[in-house]
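Asks: okay, predicted coordinates and the sequence, questions at the end:
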Amino acid sequence: MIDFFRAPIPGSESNPVVRAIDWLLRGTSQVVFQSNWLTGLLILVGIGINSRIYLVAAVVGIVVSTGTGLLLRMDRGLVDAGLLGFNGCLLGIGINAYMSANFTAGQWPDWKLYVYIIGGAAMTTVVFSAIGSLLGSRMVPALTAPFVFCAWMFIFATMKFGALHPGPLLAGSIPKPTGLHAAYTGKTWFEGTFRGVAEIFFQDNWLSGIVIAGAIAINSRISAIMGVCGALAGVAVAMVYGADEGLIRLGLFGFNASLTAMALGGFFIVLNIRGLLYAAFGTLITVWVWATLNVWLSPIGMPTFTSAFVIVGWFFIIAKAGFMGVTPVAPADATYPEDNYRRWRAGTLAAGR
Amino acid sequence: MIDFFRAPIPGSESNPVVRAIDWLLRGTSQVVFQSNWLTGLLILVGIGINSRIYLVAAVVGIVVSTGTGLLLRMDRGLVDAGLLGFNGCLLGIGINAYMSANFTAGQWPDWKLYVYIIGGAAMTTVVFSAIGSLLGSRMVPALTAPFVFCAWMFIFATMKFGALHPGPLLAGSIPKPTGLHAAYTGKTWFEGTFRGVAEIFFQDNWLSGIVIAGAIAINSRISAIMGVCGALAGVAVAMVYGADEGLIRLGLFGFNASLTAMALGGFFIVLNIRGLLYAAFGTLITVWVWATLNVWLSPIGMPTFTSAFVIVGWFFIIAKAGFMGVTPVAPADATYPEDNYRRWRAGTLAAGR
Amino acid sequence: MIDFFRAPIPGSESNPVVRAIDWLLRGTSQVVFQSNWLTGLLILVGIGINSRIYLVAAVVGIVVSTGTGLLLRMDRGLVDAGLLGFNGCLLGIGINAYMSANFTAGQWPDWKLYVYIIGGAAMTTVVFSAIGSLLGSRMVPALTAPFVFCAWMFIFATMKFGALHPGPLLAGSIPKPTGLHAAYTGKTWFEGTFRGVAEIFFQDNWLSGIVIAGAIAINSRISAIMGVCGALAGVAVAMVYGADEGLIRLGLFGFNASLTAMALGGFFIVLNIRGLLYAAFGTLITVWVWATLNVWLSPIGMPTFTSAFVIVGWFFIIAKAGFMGVTPVAPADATYPEDNYRRWRAGTLAAGR
């Protein structure tokens, strides 16, 4: 049954419109390492219940980044797997959100900002191809690096252009040690965790987070558990180390950790005992590294996006070459955690080193 | 006739002084992707009409970076092609200019600053060799990255040394959204474009820009058109997005875009229809990325040099591996746009992927 | 006789406790490119005479980073060579020192900071493996990059966590040109040089520096001379360029230069005439690059650690591929300068290019 949603939407072979819808939905699901059009559809619903504006931005981003790949004649296998869509999706929402007067609700971009978003989304495909050329032969995936690099390449510049209006969150300052913080409550735990999942897509809404987690669970329960536990771990670590309550409740300590947990927890590394410890360690590090990148960008007041996940994820995945104790999955061969594990037990998983 | 100026200066084989002059002139022309000693000579004239000080700095830079390569026994083919000179040329002028009380006219360096410039120019050859080792096997050129890295490695440090005196442009501040700007006029268009070409060599002088564009046209009309149109595109995009009039008129939005247009417009990518669109897209992105790098360096008040061109150029050239829609030229096989195109049509161009 | 201390401690083969002690001492000596357990022991003494707190931090760091490698089943040859220990050693002391109210004497970490240090030390092993995967096939060593990256990934974050208390040296500001400085004296020369050697291990103590230099001399007189002369060169260059007297006397201009001099002066490059010039040039550049990195990190007020050495060292070692004038030693084949030179003269040194 579930394989129906993993396969291309019926008619994709013959009807280009159906195929395009498949790319759109599959591309959305690839942000969270799933290849399942129903998962993608439900994630878009999760975004839409928070903001129709961001839903449109996500769609525009995916259409542009995938279209750029077609125009430049990239390998059709990558396109059909939705791999050209997920960075464009994040770039569309990300630029839109930080350029809105209200981050949570969003604001319709004017045409100049739309041109900007389209340029950024198209650029993610160039960066995706470049990273593939540099790291692909080592069986290292691009992760969301194309999105992060392009978002940075575009959003810093908004300070220099009078026709663009950076949102209120983009304000630089010299970092100072953090002081006292409000008391942590059950709300900090709950909202921090599910907004953490939602913030992967820039949605400041715990209900969106629950819908997105559910959408992931349809394709892989392990990924969903990893995603939620990763965000939860972000909250827990931030609390132990006395981080600002408001930042935790917004989910900002969670979204990078959630991605690392999903990536290392069964998808790119087989989820045996050592693999689980490896993923847990990477998730922990991601929480700290997010804070570090936040401080690094503080003087120019720019967002980290998912850079903490990219940096930690890359180090942990590239390091696999030297670690006989963990079992990597070749990116091109990775399906979903349950299946990767099953094939490893059966001895049919191709070597990922 | 023109081939006379492309070939080594007569006597280069037998007379080391003539050979050295060929390296000097050819190295200058390589900044703008030409291998033509007359082009190099005219560019030096273009610099000299603005400032004899910078002319000397350019010569010192080329002599030192090329001499370092000879001392360390680099491949003679690279030396003879002038490829060890162009980064030293830019470093010499660049450090001199930002350390001058008056950027436009320049100021003679004292001996401590000369030692500094010599160290930086020699270092460009080390970085050139290192980048060649890392990227050469992928048929990716170093572009002006050796100059950018070395200029950064040296100029930030001037804040720490009382015996060096950073010029007035080196002043850090927290970036703020830009406000209103003076009205754009015909002067903004004209000066922004030709100073843009001149700023490739740090010359704040539109006449120098015209001479340099003419020098390029002698060897390749396509390159000259690309260089001028790239700078012009920088002005246009900056205007649409409401950038500061003074910065545009100084050519600062143009010089990186001009380099990207020349590099992608026929030199490293064949100039067919898709190649032209690819170059245009890269040029557009470069304008935004220049602004982004400017904001990124704002807290320490340091210049971007040609880093926007290097970043965008590298992404677009490395990405060629995955794009069947564009036709890359192997760096070692690239001559000039017209010839690259002709050989592609004739089917005699070696594969650049 | 000296070979007794270069070989594993007697009993290492049969007794795991002895083997662990060998890893600990050898790992310490690898910070300064030696593989000699007596050298390591004396360096620990040099640290201990300044601060027992830092001695403990060094031991904790080595145990954790080496233990992580065992758990993840890294190549035993790397473990036995002490190569998993040296980055953990530096990370342990480095984080502890910058989080202490008094940098010189140190302060016992509370459990939260210990967890933090343990996480960082474990992470150095992940980064070490990742760098090995990326650069190893080019015969380029990781140097102290795993320590630098991890120290940065962890220490910036302390600004965001109320339960951690950044020391007084971690304070951001916009960099300004340096002004007048106190007069240089014999003390500046002497303390700047030997504290420079000691600051490799974060010890603000000239006596520690002398002990460490002596410990190196036991295994290689050339390395010891290079280390001391490198630090001395740092002092000299900083004086010529008018740097702040206090910073020079603290040894801050010396410790990166000292490492570069040891790395290029006979260890990774054969110490013939051209090799000596190459090492001298790299050492000079390192002094300037340290100042540059200091300015770069100034707005967030974070330390450079040994990043200047890593950047310059990497450029010079990677560049070897194109320089026929210098004779590189393959990292896996490098023993100590005297032996590298002897084998080069005898024609038995494996090609390092």
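Replies: Yep, it's here.

Asks: what sits against the closest residue to chain B within the stretch 201-350 of chain A?
Replies: With CB to the nearest CB as the measure, A:Pro299 is the residue of the stretch 201-350 of chain A nearest to chain B, at 4.0 Å. C-beta here means a position set from N, CA and C on the backbone, and glycine is covered the same way. If you count contacts by CB atoms under 8 Å, 6 or more residues apart in numbering or on different chains, A:Pro299 has them with A:172-175, B:174, B:299, C:172, C:299-300.

Asks: save those residues as JSON lines, and put in secondary structure too.
Replies: Shown next, in JSON lines, are the contacts of A:Pro299 (DSSP: H, G, I helix; E, B strand; the rest coil):
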{"residue": "A:Gly172", "secondary structure": "coil"}
{"residue": "A:Ser173", "secondary structure": "coil"}
{"residue": "A:Ile174", "secondary structure": "coil"}
{"residue": "A:Pro175", "secondary structure": "coil"}
{"residue": "B:Ile174", "secondary structure": "coil"}
{"residue": "B:Pro299", "secondary structure": "helix"}
{"residue": "C:Gly172", "secondary structure": "coil"}
{"residue": "C:Pro299", "secondary structure": "helix"}
{"residue": "C:Ile300", "secondary structure": "helix"}
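
Asks: and of the residues you listed, the nearest to A:Met324?
Replies: C:Ile300 (38.0 Å; CB to CB).

Asks: up against chain B, what does the stretch 101-250 of chain A have?
Replies: The stretch 101-250 of chain A comes close to chain B at residues A:112, A:116, A:119, A:122-123, A:126-130, A:132-134, A:152-166, A:172-174, as judged by CB under 8 Å from any CB of the partner chain.

Asks: domain boundaries for chain A, per the record?
Replies: What automatic domain parsing lists as the domains of chain A is A:2-157, A:186-346.

Asks: nearest to B:Asn219, out of these?
Replies: Judging those by CB to CB, what sits closest to B:Asn219 is domain A:2-157, at 28.6 Å.

Asks: ends of that closest one, what's the gap?
Replies: 44 Å (CA to CA, to the nearest Å).

Asks: likewise for stretch A:196-208?
Replies: 10 Å.

Asks: and if you look at stretch A:231-249?
Replies: OK, stretch A:231-249 end separation, CA to CA: 11 Å.

Asks: buried sites along it?
Replies: Neighbour-count burial for stretch A:231-249 flags A:231-239, A:241-245, A:247-249 (criterion: 16 or more other CB atoms under 10 Å in any protein chain shown).

Asks: which ones, among the residues you listed, also lie beside chain C?
Replies: Contacts with chain C within the buried residues of stretch A:231-249, counted by CB under 8 Å from any CB: A:238, A:241-244.

Asks: pretty sure A:Thr215 contacts A:Ile43?
Replies: If you look again at residue A:215, you'll see it is Ala, not Thr. Yes: checked against CB atoms under 8 Å, the pair A:Ala215 and A:Ile43 is within contact range at 4.9 Å.

Asks: quick one: common contacting residues for the two?
Replies: By the contact definition CB under 8 Å, 6+ apart, A:Ala215 and A:Ile43 are jointly contacted by A:Ser29.

Asks: can you tell me which residues contact A:Phe202?
Replies: A:54, A:90, A:93-94, A:97, A:103.

Asks: go again with 6 Å.
Replies: Taking CB atoms under 6 Å, 6 or more residues apart in numbering or on different chains, we find A:Phe202 in contact with A:93-94, A:97.

Asks: repeat for A:Gly106
Replies: A:51, A:53-54, A:100.

Asks: nearest to chain C, of those residues?
Replies: A:Ser100 (24.6 Å).

Asks: excluding its backbone neighbours, what's nearest that closest one?
Replies: Residue nearest to A:Ser100 in three dimensions, not counting chain neighbours: A:Gln107, with 3.9 Å by CB to CB, 6 or more residues apart in numbering or on different chains.

Asks: from A:Trp206, how far out is that neighbour?
Replies: Distance of A:Gln107 to A:Trp206, computed by CB to CB, to the nearest Å: 22 Å.

Asks: repeat for A:Tyr278
Replies: On the measure of CB to CB, A:Tyr278 and A:Trp206 end up 29 Å apart.

Asks: show me which of the two is the more surrounded one.
Replies: Between A:Tyr278 and A:Trp206, A:Tyr278 has the larger neighbour count (other CB atoms under 10 Å in any protein chain shown), namely 27 against 21.

Asks: I'd say the more buried one and A:Thr327 touch.
Replies: No: under the criterion of CB atoms under 6 Å, A:Tyr278 makes no contact with A:Thr327, lying 9.8 Å away.

Asks: which parts of the stretch 151-300 of chain A sit against chain C?
Replies: Listed as neighbours of chain C in the stretch 151-300 of chain A under the rule CB under 6 Å from any CB of the partner chain: A:174-175, A:177-178, A:241-243, A:285, A:288-289, A:291-292, A:295-296, A:299.

Asks: from those, which two are the most distant?
Replies: A:Ile174 and A:Ile285 (25.8 Å).

Asks: which ones among the residues of the stretch 101-250 of chain A next to chain B map onto helices?
Replies: A:112, A:116, A:119, A:122-123, A:126-130, A:132-134, A:152-155 (DSSP state H).

Asks: what segments of the stretch 151-300 of chain A are strands?
Replies: Along the stretch 151-300 of chain A, no stretch is classed among the strands by DSSP state E, counting those that start in this stretch.

Asks: buried set for stretch A:149-169?
Replies: Of the residues in stretch A:149-169, those buried (16+ other CB under 10 Å) are A:149-161, A:164, A:166-167.

Asks: just send the contacts of A:Gly106 back as JSON lines, with neighbour count and pLDDT too.
Replies: Listed next are the contacts of A:Gly106 as JSON lines, based on neighbours: other CB atoms under 10 Å in any protein chain shown; pLDDT from 0 to 100:
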{"residue": "A:Ser51", "neighbour count": "25", "pLDDT": "97"}
{"residue": "A:Ile53", "neighbour count": "19", "pLDDT": "98"}
{"residue": "A:Tyr54", "neighbour count": "25", "pLDDT": "98"}
{"residue": "A:Ser100", "neighbour count": "24", "pLDDT": "97"}
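
Asks: of these, which is the nearest to chain B?
Replies: Nearest to chain B among the contacts of A:Gly106, with distances taken as CB to the nearest CB, is A:Ser100, at 14.3 Å.

Asks: surely the closest one touches A:Leu169?
Replies: No: in this structure, A:Ser100 is not within contact of A:Leu169 by CB under 6 Å, at 9.4 Å.

Asks: could you dump the contacts of A:Pro299 to a markdown table with distance to A:Val270 and pLDDT?
Replies: Below are those laid out as a markdown table (distance: CB to CB, whole Å; pLDDT from 0 to 100):
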| residue | distance to A:Val270 | pLDDT |
| --- | --- | --- |
| A:Gly172 | 43 | 96 |
| A:Ser173 | 44 | 97 |
| A:Ile174 | 45 | 97 |
| A:Pro175 | 39 | 96 |
| B:Ile174 | 47 | 97 |
| B:Pro299 | 44 | 98 |
| C:Gly172 | 43 | 96 |
| C:Pro299 | 42 | 98 |
| C:Ile300 | 38 | 97 |
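
Asks: brilliant, that's me finished.
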